[in-house]
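Trainee: 3D, please:
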Amino acid sequence: MKNDFLTIGEAAIRYGSDYGTIYHLIKRKQLPTAKINGIITIHYQHIEKYFNSKFNNQVTKWT
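Mentor: Alright, predicted model coming up:
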């Protein structure tokens, strides 16, 4: 679904990070992306999985 995908900026805001951090993770291929209408997006489950693995499941689930 469209709402399951976040832009880099949306992901940064949603998960309390910053644009540069999310972008860096993408460039290092630690977060898979998809281009939707030419915009780089990340599925929220990939972000939650990454941050939960780094911060011991303390990331808020998508609602």
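
Trainee: hang on, residue 13 in a helix?
Mentor: Yes. The assignment for residue 13 is a helix, going by DSSP: H, G, I helix; E, B strand; the rest coil.

Trainee: how far away is residue 4 from residue 32?
Mentor: To residue 32, residue 4 is 13 Å away according to C-beta to C-beta, to the nearest Å. For glycine as for every other residue, the C-beta is placed from the backbone atoms N, C-alpha and C.

Trainee: which residues are in contact with both of those two?
Mentor: residue 43 (C-beta atoms under 8 Å, 6 or more residues apart in numbering).

Trainee: Could you check how far residue 11 is from residue 17?
Mentor: 7 Å.

Trainee: More neighbours: the two, which one.
Mentor: Between residue 11 and residue 17, counting by other C-beta atoms under 10 Å, residue 11 is the more crowded of the two (24 against 16).

Trainee: who's in contact with the more buried one?
Mentor: Residue 11 makes contact with 17, 22, 42, 44, 47, according to C-beta under 8 Å, 6+ apart.

Trainee: can you do 10 Å?
Mentor: By C-beta atoms under 10 Å, 6 or more residues apart in numbering, the contact set of residue 11 is 5, 17, 19, 21-23, 25-26, 31, 41-44, 46-47.

Trainee: try residue 5
Mentor: Residue 5 neighbours (C-beta under 10 Å, 6+ apart): 11, 33, 34, 36, 39, 40, 41, 42, 43, 44, 46.

Trainee: Thanks again, I'm all set now.
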